[in-house]
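Engineer: pasting the sequence and the predicted model now:
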Amino acid sequence: MGVDNYNETEKLLEEQRRRRAEQFRLNIENNRQEPDWDDNDSELNSFSGEDVKEQLERSSKKALKKLKKEEKKAQKSKDKHNRRIFNLIWLVSVVIVGVMTAMFIITGMNDMLAINRKDSGTVQVDIPENPTLETVTAALVHKGIIDEPSYFKLYAKLTKADDDFTQGSYEMRKNMDYEAIVNYLLSSSNRTDTVSVTILEGQNVLEIANTLQEQGALNDREGFLQLLGSDDFDEDFDFLAAITNKTDRYYKLEGYLYPDTYEFYLNEDPKAIIYKFLNNYELKIHEKQEVSGYSKKTTVVKMAEEQKSNYSFDDIMIIASIIQAEAANADDMYVISSVLHNRLESGADMGVGTLGLDSTQFYPYRTAKDVPASEGSNYSSKYETYSHSGLPAGEICSPGMEAILAALNPSSTGYYYFCHDKQGNAYYASTLYEQEANLEYIASYDN
């Protein structure tokens, strides 16, 4: 390279450096902050430490605001993601519940309508004592009558049948629908656990209670006896409502438990048992009978009305109960009836002030040995007719129809006394002298 070329190059480089330096100076002057001069104040204003602090605070707030905005954006994105997950889970749950509900409804409806139960055979279903909806359902499931216990319980509750079931044995078809099952179980007439009980003429309420208990028809003896002294049946039966001396009686319903053969359910409700007795009694006294001295059949009630005597219908029943307890046979009943009527109507004139009947002495017990020790050794019945005049306050046993007819139609005699030997032969007398002679004869004969 020549000298001239070198110098020329140096000049160009020098020129470039000068232009750069000038450009740098201009940049500094353009960015320099010119101080403001206050015409009214000679003091120079400048940036202080407070200005720097405020600037830093503004920068920090701006940065914090930006950070919060970013966090909010991130949280919003996260919430959106979680919401999608929740919606997915909720949808799956709804589908599962819907499927399960549909299956429950379908299988329940099939069971309710017995669609899949083709077996028409019968089985015995035993409903336990004091049944609940749970125990009834369990018994039906056990015997294959139903397949869906939850659905059956729901049906029973909706139809308000859940509190109406009673114990018993039922012969049931295996293909019955729910409606048929419930209706079948609610009808006691479908029960098969029955027992035939015969109540004998002359039994009193204590003996009847024992018979019912021994035969399995009654399991609440005390409840049964308590009802027999109550007014619970007066609204249904006029002959009971007419009784006005309940407080003087041992058992208000004594005499009205008509002796007959009955079909009872095992462990039947005491009230239901009593209703069967009373319904039968009412039927019998309104049933037409062949009666001696009457040209055509008549009823006990009509006979009592036609007589227009001083005796109430209940008095007739008391007389009939005594006849039933004292008489040896049907013929004897009519003569003993005459003795009772004679004593009641004219006994005082004949020196006979009371009925004097052994059958009333220990009532409601049969004999002295039947009196409980708790009653004491000197027990005395308020029904006894040796010291009390007139009829006892109530019946002493359940008379049969023959005794009732005898009470209404006594034989026409002049007798005021009667007695029997060990063989049941009857002896009658018009005077005390004749009675003592008869007793002496019986004593010698029996020995």
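Structural biologist: Okay, I see it.
Engineer: stretch 372-382 spans what distance, first to last residue?
Structural biologist: 16 Å (Cα to Cα, to the nearest Å).
Engineer: centroid-nearest residue for this structure?
Structural biologist: Central residue of the chain (Cα atoms, centre = their mean): residue 163, 5.6 Å from the mean position.
Engineer: doesn't it lie inside a helix?
Structural biologist: No: counting by DSSP: H, G, I helix; E, B strand; the rest coil, residue 163 falls outside a helix, being coil.
Engineer: which residues does it contact?
Structural biologist: Going by Cβ atoms under 8 Å, 6 or more residues apart in numbering, residue 163 touches residue 133. Placement of C-beta: from N, CA and C, glycine included.
Engineer: what's the spacing between it and residue 22?
Structural biologist: According to Cβ to Cβ, to the nearest Å, residue 163 and residue 22 sit 112 Å apart.
Engineer: again, but for residue 169
Structural biologist: For residue 169, the distance to residue 22 equals 125 Å [Cβ to Cβ].
Engineer: who's more crowded, those two?
Structural biologist: Set residue 169 next to residue 22 and count neighbours by other Cβ atoms under 10 Å: residue 169 wins out with 16 against 10.
Engineer: now do the SS call for that one.
Structural biologist: The assignment at residue 169 comes out as strand when based on three-state DSSP.
Engineer: ok, how many other residues are close to the spatially closest residue to residue 430 that is not a sequence neighbour?
Structural biologist: Closest residue in space to residue 430, ignoring its immediate chain neighbours: residue 414 at 4.9 Å, by Cβ to Cβ, 6 or more residues apart in numbering. By the criterion of other Cβ under 10 Å, residue 414 has 13 neighbours.
Engineer: show the pLDDT at residue 414.
Structural biologist: Model confidence at residue 414, given as pLDDT, is 95.
Engineer: let's verify it: helix, strand, or coil?
Structural biologist: Three-state assignment for residue 414 (three-state DSSP): coil.
Engineer: cool, the one 5 residues further on as well?
Structural biologist: Following three-state DSSP, we place residue 419 in the strand state.
Engineer: let the chain start at 605 from now.
Structural biologist: Sure, I'll start counting at 605 from here, so that last one is residue 1023.
Engineer: that one reaches residue 1031, doesn't it?
Structural biologist: Yes: applying Cβ atoms under 8 Å as the test, residue 1023 and residue 1031 come out as touching, 5.1 Å apart.
Engineer: next, show the common contact partners of these two.
Structural biologist: Shared contacts of residue 1023 and residue 1031 (Cβ under 8 Å, 6+ apart): 1042, 1046.
Engineer: which residues of the stretch 755-904 of the chain fall in strands?
Structural biologist: For the stretch 755-904 of the chain, the strands defined by DSSP state E, counting those that start in this stretch occupy 772-777, 798-802, 865-869.
Engineer: now do the buried residues in the second one.
Structural biologist: Put plainly, it is strand 798-802. 798, 801 (16 or more other Cβ atoms under 10 Å).
Engineer: so it versus strand 865-869, what angle?
Structural biologist: Comparing the axes of strand 798-802 and strand 865-869 via axes from the mean of the first three to the mean of the last three Cα atoms, to 10 degrees yields an angle of 150 degrees.
Engineer: report the angle between the axes of strand 798-802 and strand 772-777?
Structural biologist: Between the axes of strand 798-802 and strand 772-777, defined by the same axes, to 10 degrees, the angle is 130 degrees.
Engineer: what pairs with strand 798-802, parallel or antiparallel?
Structural biologist: strand 865-869 (antiparallel) (DSSP bridges).
Engineer: quick one: average pLDDT of the strand it pairs with?
Structural biologist: Strand 865-869 comes out with an average pLDDT of 96.
Engineer: quick one: it to chain centroid distance?
Structural biologist: Distance of strand 865-869 from the chain centroid (Cα atoms, centre = their mean, to the nearest Å) equals 23 Å.
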